[in-house]
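1. kindly generate the corresponding structure for this input.
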Amino acid sequence: MIRLPKLPAPPDPEDIFSVIDKAGDAIEAGLNIIDKVADKFDQAAQRFGPPEPTTPTRAPESQKESPLPTTQPPPSEENPREEQDIATACVACAIGHYAGAAKLLNEAIRFREDGIESNQVLDDIAGAIGELNAMERVDLTPERLQKTPGWERAIADEALRESRKLRHRLEGISSMEEIEKAAADTESYFKKLNRQWYRGRFSNLGAEKAETIAVRVGESDD
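-> As a prediction, this is how the structure comes out:
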C-alpha cells in the first residue's frame, strides 16, 4: 500500500488579505514620498528660476582669422592666362608618340597570321593613329611651334609633316604587307628623330654638359 505525503494545510484567507493590505499601504507611502520630493523641486525652480542661456563671447577683431591666401594670383593684364598656357612645342613628347606608334605597328605584324581584319591588328592600327593624332593636336600645335627655339623648330616641323603622312597612310592601309612597310618606316624615323633632337639639345647645352648627358643616355650612331 502506497502512502501519500501529507499536504500542508491551505493558507487562511484572512492572512492573504492582510498581506495584500500591507503591500498596498507600502506602495501608497512610497507614492507620498515621491510627491513630496517633486514638490521640493518645483519650489526650488520657482524660487531661483531657470538658468539664463549663455552667449558665446565674441573674439576681438585682432584675433579673427584672416582668409587663406590664394595659391595662384589672378592673371594680370600684362600677363594674361592665355599666354601662360601656350608652351613651346614638345619634340620630346613627339618622340614618345612615334615610339608608341612604332611599337603598336610592330605588334600588329606579330599577328599577321590572323589577317588584317583581326581584332588585334585593327586595334593596333587604331592605336598608332591615336598616337599620331595626339602628337599633332597637343604637342605640335601652331601656337606651340611659334614659341619653339630656332634649332628645335626645324625638327618639330619635320616631325609634324612625317606624322601627317604616316597617319594618312595608315588610314588607307589595305594589306599586311603595307602594315609591315609602315612599321619599318615608323621605326626608322623614330630613331632618326630621337638622334636629331638629342644632338641639337647637346649642342645648345654647352660642351661639358652635353658630354655628360651623352654618356648617360648612351647615344651612338648605330
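
2. please count neighbours and contacts with C-alpha atoms only from this point.
-> Will do.

3. which of the helices and strands in the chain ranks last by mean pLDDT?
-> Of all the helices and strands that make up the chain, helix 81-85 has the lowest average by mean pLDDT, DSSP states H and E, namely a mean of 43.

4. give the next helix or strand downstream of it.
-> Using DSSP states H and E, the next helix or strand after helix 81-85 towards the C-terminus is helix 91-110.

5. show me what that next one is packed against.
-> helix 119-134, helix 150-171, helix 176-203 (3 or more CA pairs under 8 Å, 6 or more residues apart in numbering; DSSP states H and E).

6. at 6 Å instead, please
-> helix 119-134, helix 176-203 (3 or more CA pairs under 6 Å, 6 or more residues apart in numbering; DSSP states H and E).

7. let's have those helices in TSV, adding distance to Ala156.
-> Listed next are these as TSV, based on distance: least, CA to CA, whole Å:
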stretch	distance to Ala156
helix 119-134	13
helix 176-203	9
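
8. shaky segments in this structure?
-> Regions of the chain meeting the criterion pLDDT under 70 cover residues 1-89, 206-222.

9. in stretch 130-142, what counts as buried?
-> Glu131, Leu132, Asn133, Met135, Glu136, Asp139, Leu140, Thr141 (16 or more other CA atoms under 10 Å).

10. which residues sit against that stretch?
-> Ala89, Cys90, Ala94, His97, Ala101 (CA atoms under 6 Å, 6 or more residues apart in numbering).

11. looking at the residues you listed, which one is closest to Ala182?
-> Distance to Ala182 across these (CA to CA) is lowest for Ala101, with 10.1 Å.

12. thought that closest one was touching Ala128?
-> Yes. Shown here, Ala101 and Ala128 form a contact pair, counting by CA atoms under 6 Å, at 4.2 Å.

13. more neighbours, these two?
-> Ala101 (26 against 23; other CA atoms under 10 Å).

14. spatially nearest residue to Ser174 (excluding sequence neighbours)?
-> Spatial nearest neighbour of Ser174, chain neighbours left out: Ile116 (7.7 Å); criterion: CA to CA, 6 or more residues apart in numbering.

15. ok, now how distant is that neighbour from Met176?
-> 6 Å (CA to CA, to the nearest Å).

16. so what sits against both of the two?
-> Counting by CA under 6 Å, 6+ apart, nothing touches both Ile116 and Met176.
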